[in-house]
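# fold the following.
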Amino acid sequence: GRYMGERVDIFDAARKPLGYTRARSEPLLPGEYKIVVGIWIVNGQGQLLITRRSLKKRYEPGKWENTGGHMDAGETPVQAVIRELREETGLDVKERGVRYLGTGIVDNFIGDNFMARIDDASGLRMQPGETDEARWVSPSELRRMMDAGEMARSTVQFMEIYKEAFFAALREMGAETGDI
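Numbers count the residues shown, from 1 in each chain. The predicted structure is shown next:
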């Protein structure tokens, strides 16, 4: 985080700011929420970029997910997701290319989810300690991985919330879709 040394703004369940921050790693109290962001990157072949969580991670090590992370104090969700994408994959998207899919609450996390199209992923690289592998999968392969328990639990839980918007965005961004 570039803003306040890995601090996050704290919200209530209705997304009202509670007026204080916590360290990113600090546990949340009942009634406290932090905002997390996720982005699905799609290419011209209709494939989705997923990355594998480092085996050093506490939560779901070695599981696959879309790119994402915490919204730092002082950031907007779109700024956060662009930063996370750059940090974790080396890829850049512009704000105008980021499409909102939906928001859901899982545990104490309010999750804003997005999609963007990237045709040139030649700059793709991993972030040590965060991600250790990347691959492009079709929507049907993603479904298979979800069913097989290969995806991070939070990715699957959030996907249930914005699934229809996910498919609408995939279709509009020029991608074929098998149904998930």
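# quick check: the most centrally placed residue in the chain vs G46, distance?
In the chain, the C-alpha nearest the mean C-alpha coordinate belongs to G38, at 1.8 Å (CA atoms, centre = their mean). G38 is 19 Å from G46, where distance means CB to CB, to the nearest Å. C-beta coordinates here come from the backbone N, C-alpha and C atoms, glycine included.
# helices or strands next to the helix ranked longest in the chain in the packing?
Criterion DSSP state H: the longest helix present in the chain is helix 153-172. Applying 3 or more CB pairs under 8 Å, 6 or more residues apart in numbering; DSSP states H and E, one finds that helix 153-172 contacts strand 34-42, strand 64-65, strand 99-106, strand 109-117, helix 139-147.
# the fourth one pairs with which strands?
Read it as strand 109-117. Each strand paired with strand 109-117, and its direction, by DSSP bridges: strand 34-42 (parallel), strand 99-106 (antiparallel).
# isn't A13 right next to E32, touching?
No - using CB atoms under 8 Å, A13 is not in contact with E32, being 9.3 Å away.
# higher neighbour count, the two?
When A13 is set against E32 and neighbours are counted by other CB atoms under 10 Å, the residue ahead is E32, at 16 against 11.
# secondary structure element holding the closest residue to the more buried one other than its chain neighbours?
Closest residue to E32 apart from its sequence neighbours, by CB to CB, 6 or more residues apart in numbering: I10 at 5.1 Å. Per DSSP states H and E, I10 falls inside strand 7-11.
# re earlier: now the residue nearest to the centre of the chain, which residues is it bridged with?
Beta-bridge partners, per DSSP bridges, of G38: G68, N113.
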